[in-house]
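Enquirer: Fold the following.
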Amino acid sequence: MFDYVVIGGGSAGCVLAARLSEDPAVRVALLEAGPVDNSVLIHCPAGLALMAKVKGLNWGFETTPQAGLNGRRGYQPRGKVLGGSSSINAMVYVRGQAADYDGWAAEGNPGWGFDEVLPYFKRSEHNTRGPDTWHGSGGPLHVQDLLQANRCSSLFIQAGQQAGHTLNPDFNGASQEGVGPFQVTHRQGERCSSAKGYLTPALARPNLQVITGAQATQILFDGKRATGVEYLQQGTRHQVQARVEVLLSAGALQSPQLLMLSGVGPGAHLQAMGIPVLHDLPGVGQRLHDHLDVVQVVDAPKATDLFGISLIGLRHAISGMLEWRRHRSGILTTNFAEAGGFIRSSPEQAAPDLQLHFVIGKLADHGRTTVFGHGYSCHVCLLSPESRGSVTLASADPLATPLIDPAFLSAPSDLDRMVNGVKRMRQILAQPALAGLGGRESARSASARSDEQIADFVRQHADTIYHPVGSCRMGPGAMDVVDANLQVRGLQGLRVVDASIMPRIVAGNTNAPTIMIAEKASDLIKASRNRFAEH
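Expert: Residues are numbered from 1 along each chain as shown. Purely as a prediction, here's the structure:
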């Protein structure tokens, strides 16, 4: 028997487990389907280049065939390890725009405006630049500038300025717009995941039990109150009881799946799957959306200080391994996406609606396909997509992969803005600052010149940049799943705390906002417990 059972040891779950167990009178259990985060590929920042190829740390989901992507199945990597996706991501620290959170509040979610969530961003953060109006110091999540950025990243920033964009040294400051370097979640030359920052320092607490290799299969209920969780570990079923609350932090793809497996979701769909309906909640699994992204690859064979598969690249990699192992420094402290920008697809846009990630290597198929030679890549992703999809069950088998349908490009305006995004990205890559690298656009995109050809290129090559949200949406509407306290509507003792609650995706990478959500949720949960104790 525990006070709280947290399902999912990812970006949010590690925060909840650490914050709630600060009180020695509270017993907390954390269930994680994956293993302990002890792989060198996690802790060495450059190890992320191999994450898509390594099974065991990554769920490696795929979408249903996407009509907007010429019938292709998209790739949906999700961390299956303590730290979740914060243990396999590119470590870029971005919060989004203040208007994102003010928009959440305006949609009927009091307490979620930017001025109200900023203190939680700051509480989570230890920024090595020091504290200021926008940044915190002393928090569990270490944020810093890259120790050894590649020279080509600064050339990209110069090219962005030559194309007319402003230099922005802090995308999380007063303004997001412009080009500049990304800050990263690193500490002393290693990745700082939510597991490393929050959970590891808490593991010695006697009131915290972390259970790995434990895949939750069902939330247990007494009437409409959540009372515990059933999980599988090494083929054996176990149950753990929650005296106060069950906290669901399995992510935007698996939180709705587990709710539906437990009888909470669209009634007709559950009945079709043969699952008894405990609570008909039609919004579960709906409103899924994501940042669609497309990559332009540039061959630059003479730029051998860029990452690449070659004899020179192999020598660089070996010397880099030795330096990182001895000193936690050198080229393997890169996150590859070292610089980027936030720009507008057209002057009519009120705020940046495109994000660029400049990568110091040639990237194809999320890194799953080996690409030889040296070069660089640039992502462009749509920050404010209008397309909405769903997560549904394939069957009542809890081990079956859910049906993931982001419905990419189902809203025509998304494709129009992606086409403009490719053109804006090309303007930057064509500037003199990058010309000295002698790069040539790869054949897969070089022939796409007209708007129609660029649209075909997008449909054939675009995919997620790994930010699914919205499938357990927060709000007061009939299709919303949780209220502003993140409590599941119509049920007791159950909250959802992860990126699935976002009413609308933020303008940027989602790891930092997800950690913020969990920080705020920990205060909401503590306040609720105090009220419970008073009565």
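
Enquirer: In the strand ranked longest in the chain, which residues are buried?
Expert: Of all the segments of type strand in the chain, defined by DSSP state E, the longest one is strand 236-248. For strand 236-248, burial by neighbour count (16 or more other C-beta atoms under 10 Å) applies to 240, 242, 244, 245, 246, 247, 248. Where you see a C-beta, it was placed from the backbone N, CA and C, and this is true even at glycine.

Enquirer: Tabulate the CA atom coordinates of it in PDB.
Expert: In PDB, the C-alpha atoms belonging to strand 236-248 read as follows (Å, rounded to 0.1, in the frame of the first residue of the first chain):
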ATOM      1  CA  THR A 236       3.900 -12.300 -13.700                       C
ATOM      2  CA  ARG A 237       0.900 -10.100 -12.800                       C
ATOM      3  CA  HIS A 238       1.200  -7.900  -9.700                       C
ATOM      4  CA  GLN A 239      -0.900  -5.300  -8.000                       C
ATOM      5  CA  VAL A 240       0.000  -2.200  -6.100                       C
ATOM      6  CA  GLN A 241      -2.500  -0.200  -4.100                       C
ATOM      7  CA  ALA A 242      -2.800   3.700  -3.900                       C
ATOM      8  CA  ARG A 243      -4.300   5.000  -0.700                       C
ATOM      9  CA  VAL A 244      -4.600   8.600  -2.000                       C
ATOM     10  CA  GLU A 245      -4.100   8.800  -5.800                       C
ATOM     11  CA  VAL A 246      -3.000   7.100  -9.000                       C
ATOM     12  CA  LEU A 247      -0.900   9.500 -11.200                       C
ATOM     13  CA  LEU A 248      -0.800   8.500 -14.800                       C
END
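
Enquirer: For whichever helix or strand comes after it, give the mean pLDDT please.
Expert: Helices and strands here follow DSSP states H and E; after strand 236-248, the next one along the chain is helix 251-261. Looking at helix 251-261 alone, the average pLDDT works out to 98.

Enquirer: that older thread, please name every helix or strand in contact with the longest strand of the chain.
Expert: The elements that strand 236-248 packs onto, with contact taken as 3 or more C-beta pairs under 8 Å, 6 or more residues apart in numbering; DSSP states H and E, are strand 2-7, strand 28-32, strand 215-222, strand 225-233, helix 251-261, strand 494-496, helix 511-534.

Enquirer: can you list contacts of that strand?
Expert: Contact with strand 236-248 is made by 1-8, 13, 16, 29, 31, 211, 214, 217, 219-220, 226-232, 255, 258-259, 493-498, 521, 525, 528-529, 532, as judged by C-beta atoms under 8 Å, 6 or more residues apart in numbering.

Enquirer: and with 6 Å instead?
Expert: Strand 236-248 has contacts (C-beta atoms under 6 Å, 6 or more residues apart in numbering) with 1-7, 16, 29, 219, 226, 228-231, 255, 493-497.

Enquirer: Need the buried ones from the residues you listed selected in ChimeraX.
Expert: Of these, the buried ones go into a single ChimeraX selection, burial set by 16+ other C-beta under 10 Å:
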select :2,3,4,5,6,7,16,29,219,226,228,229,230,231,255,493,494,495,496,497
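
Enquirer: What are the boundaries of the helices in the stretch 101-250 of the chain?
Expert: Counting by DSSP state H, counting those that start in this stretch, the stretch 101-250 of the chain has these helices, from start to end: 114-124, 151-162, 194.

Enquirer: same question, the stretch 251-400 of the chain
Expert: Residue ranges of the helices in the stretch 251-400 of the chain, as given by DSSP H, counting those that start in this stretch, are 251-261, 267-272, 311-327.

Enquirer: Of all the ones you listed, which one comes closest to residue 158?
Expert: Residue 158 sits nearest to helix 311-327 of all these, at 23.6 Å, using C-beta to C-beta.

Enquirer: what's next to the closest one, contact-wise?
Expert: Contact partners of helix 311-327, identified using C-beta under 6 Å, 6+ apart, comprise 44, 304, 329, 330, 331, 332.

Enquirer: in the sheet, who's paired with the nearest residue to residue 1 once chain neighbours are set aside?
Expert: With sequence-adjacent residues excluded and distances taken as C-beta to C-beta, 6 or more residues apart in numbering, residue 1 is closest to residue 241, at 4.7 Å. With beta bridges defined as DSSP bridges, residue 241 has these partners: residue 228.

Enquirer: quick one: low-confidence parts of this structure?
Expert: By pLDDT under 70, the low-scoring segments of the chain are 532-535.

Enquirer: isn't residue 105 right up against residue 113?
Expert: Yes. Residue 105 lies in contact with residue 113 (C-beta atoms under 6 Å); the separation is 3.9 Å.

Enquirer: follow-up on the earlier one: which one of the helices of the stretch 251-400 of the chain lies nearest to residue 508?
Expert: The closest approach between residue 508 and any of the helices of the stretch 251-400 of the chain, judged by C-beta to C-beta, belongs to helix 251-261 at 15.8 Å.

Enquirer: What are the contacting residues of the closest one?
Expert: Counting contacts by C-beta under 6 Å, 6+ apart, the residues outside helix 251-261 that touch it are 216, 218, 248, 250, 265, 284-285, 391, 393, 398, 402, 404, 468-469, 471-472, 496, 498-500.

Enquirer: Distance to residue 142 added to the helices and strands packed on strand 236-248, as a markdown table?
Expert: Converted to a markdown table, these look like this (distance: least, C-beta to C-beta, whole Å):
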| stretch | distance to residue 142 |
| --- | --- |
| strand 2-7 | 23 |
| strand 28-32 | 21 |
| strand 215-222 | 30 |
| strand 225-233 | 31 |
| helix 251-261 | 23 |
| strand 494-496 | 27 |
| helix 511-534 | 12 |
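
Enquirer: Tally up the residues packed near residue 311, please.
Expert: Using other C-beta atoms under 10 Å, residue 311 has 8 neighbouring residues.

Enquirer: Compute the distance between it and residue 374, please.
Expert: Taken as C-beta to C-beta, to the nearest Å, the spacing of residue 311 relative to residue 374 amounts to 11 Å.

Enquirer: neighbours around residue 440, how many?
Expert: Look at residue 440: counted by other C-beta under 10 Å, it has 13 neighbours.
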